[in-house]
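> turn this into a structure:
(one chain, ligands or ions: 2)
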Amino acid sequence: MKYAQLVMGPAGSGKSTYCSVMHNHCLSTGRTLRMVNLDPACEVFNYPAVVDVRDLISVNDVQEDEELILGPNGALVFCMEYLVQNLDWLHDELDEGEDDYFVIDCPGQIELYSHLPVMRQIVDALKSWDFNVCSVFLIDTNFVLEAEKFISGALTALSAMVAIETPAINVLTKMDLLSERNKQLVDEFLETDTRSIVDQDETVWNAKHRRLTRTIAQVLEDYSIVKFVPLNCEDEESIDQLLLTIDTTIQYGEDLEVKDHYPEELDPEQLDHV
Ligand SMILES: Nc1nc2c(ncn2[C@@H]2O[C@H](COP(=O)(O)OP(=O)(O)OP(=O)(O)O)[C@@H](O)[C@H]2O)c(=O)[nH]1
Ligand SMILES: [Mg+2]
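Ligands and ions are numbered 1, 2, ... in the order given. Prediction:
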């Protein structure tokens, strides 16, 4: 069995930073993560990538092609579609040994997480190659600090969850940049039910659309579909906590635990006689 975190989210939400933070954290605890750059548009990243999609195709290559005439967004979509047509390349690149744990840095075009099929096709391929996959969907905390933005962030995360259909962990990034007051606000948002968050907000705009926002908030609340985990990259405990949540979601380490623990009702000494 292999494992993969797909690090997704809007442009600039902190995906590549998250990848290098996770890599460094695991390096210091003696654990190996295999890092993958799946962003054909990226210029630099601060982790050692064992797989880099730019070896197959990059936005620069595509934009230099005079026959294609594509802008940066079109070129990125072209690259991702090219990757989907050449999934054997990715399979070969990822195919090294057993029990590998990959962290995959994805591109930031929001269309990839709403209506374009490419991310879904990549996830389906990973599953067919025996990967346990989890999407880690990052959202910049600064963009969810008001009630209607919080709802909008939750809906963005939900649209990715619906489009990609994997277990998902939604992460609020850049917590280190918040003032103490705003940190408190985020904590309050995360503890409060979504419906009450909307009810606290009293703007004119909100009054006009109150029934709609309340209903959306109620649906989010009733189904408990979108939960956020805050991440402060400066705080090792925060990183560790998130990693544990992700590991549990993709069932990483469960085999190890089974070997380490006997069921409660069984006495280990008795097992020798079985
Ligand atoms: N202070 C702080 N800055 C961050 C954090 N995460 C990201 N940044 C900054 O936010 C900017 C964007 O971060 P990236 O990691 O490149 O974001 P990305 O999601 O990979 O961006 P794209 O690949 O372009 O979609 C950079 O200037 C980072 O230094 C964080 O946790 N704390
Ligand atoms: Mg990036």
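> going by C-alpha atoms from here, please, whenever you check contacts or count neighbours.
OK.
> for this protein, just list every one of the strands.
2-8, 34-37, 49-52, 101-105, 131-140, 168-173, 228-230 (DSSP state E).
> using a markdown table, lay out those together with mean pLDDT.
A markdown table is the format used below for these (pLDDT from 0 to 100):
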| stretch | mean pLDDT |
| --- | --- |
| strand 2-8 | 96 |
| strand 34-37 | 96 |
| strand 49-52 | 94 |
| strand 101-105 | 96 |
| strand 131-140 | 95 |
| strand 168-173 | 95 |
| strand 228-230 | 91 |
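> wait, N132 touches Y3, no?
Yes - contact status for N132 versus Y3: in contact at 4.7 Å, counting by C-alpha atoms under 8 Å.
> list residues touching both of these two?
I250 (C-alpha atoms under 8 Å, 6 or more residues apart in numbering).
> quick one: closest of the strands of the chain to ligand 1.
strand 168-173 (5.3 Å; C-alpha to the nearest ligand atom).
> run a quick neighbour tally on the spatially closest residue to I225 that is not a sequence neighbour.
Leaving out its chain neighbours, the residue that sits closest to I225 by C-alpha to C-alpha, 6 or more residues apart in numbering is L158, at 7.6 Å. Other residues near L158 come to 21 when the count uses other C-alpha atoms under 10 Å.
> quick one on the thing from earlier: as TSV, the strands of the chain with distance to ligand 1 and mean neighbour count would be great.
Compiled in TSV, the strands of the chain are given as follows (distance: least, C-alpha to the nearest ligand atom, whole Å; neighbours: other C-alpha atoms under 10 Å):
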stretch	distance to ligand 1	mean neighbour count
strand 2-8	8	24
strand 34-37	10	22
strand 49-52	14	17
strand 101-105	7	23
strand 131-140	8	24
strand 168-173	5	23
strand 228-230	10	19
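> do you know which of those lies nearest D193?
Nearest to D193, of all those, is strand 228-230, at 12.2 Å by C-alpha to C-alpha.
> got the CA positions of the helix ranked longest in the chain in PDB?
Longest helix of the chain, by residue count under DSSP state H: helix 147-164. Taking Å, rounded to 0.1, in the frame of the first residue of the first chain, the C-alpha atoms of helix 147-164 are listed here in PDB:
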ATOM      1  CA  ALA A 147     -18.800  35.600   8.400                       C
ATOM      2  CA  GLU A 148     -19.700  35.700   4.700                       C
ATOM      3  CA  LYS A 149     -16.100  35.000   3.700                       C
ATOM      4  CA  PHE A 150     -16.100  32.000   6.100                       C
ATOM      5  CA  ILE A 151     -19.100  30.600   4.300                       C
ATOM      6  CA  SER A 152     -17.500  31.300   0.900                       C
ATOM      7  CA  GLY A 153     -14.300  29.500   2.000                       C
ATOM      8  CA  ALA A 154     -16.300  26.600   3.300                       C
ATOM      9  CA  LEU A 155     -18.200  26.400  -0.100                       C
ATOM     10  CA  THR A 156     -14.900  26.500  -2.000                       C
ATOM     11  CA  ALA A 157     -13.600  23.600   0.100                       C
ATOM     12  CA  LEU A 158     -16.900  21.800  -0.400                       C
ATOM     13  CA  SER A 159     -16.800  22.200  -4.200                       C
ATOM     14  CA  ALA A 160     -13.300  20.600  -4.200                       C
ATOM     15  CA  MET A 161     -14.500  17.800  -1.900                       C
ATOM     16  CA  VAL A 162     -17.500  17.100  -4.200                       C
ATOM     17  CA  ALA A 163     -15.500  17.400  -7.400                       C
ATOM     18  CA  ILE A 164     -12.600  15.200  -6.300                       C
END
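> now do it: everything it contacts.
So helix 147-164 is contacted by 113-115, 117, 119-120, 123, 137, 139, 143-144, 167-168, 170, 194, 197-198, 200-201, 206, 213, 217, 225-226 (C-alpha under 8 Å, 6+ apart).
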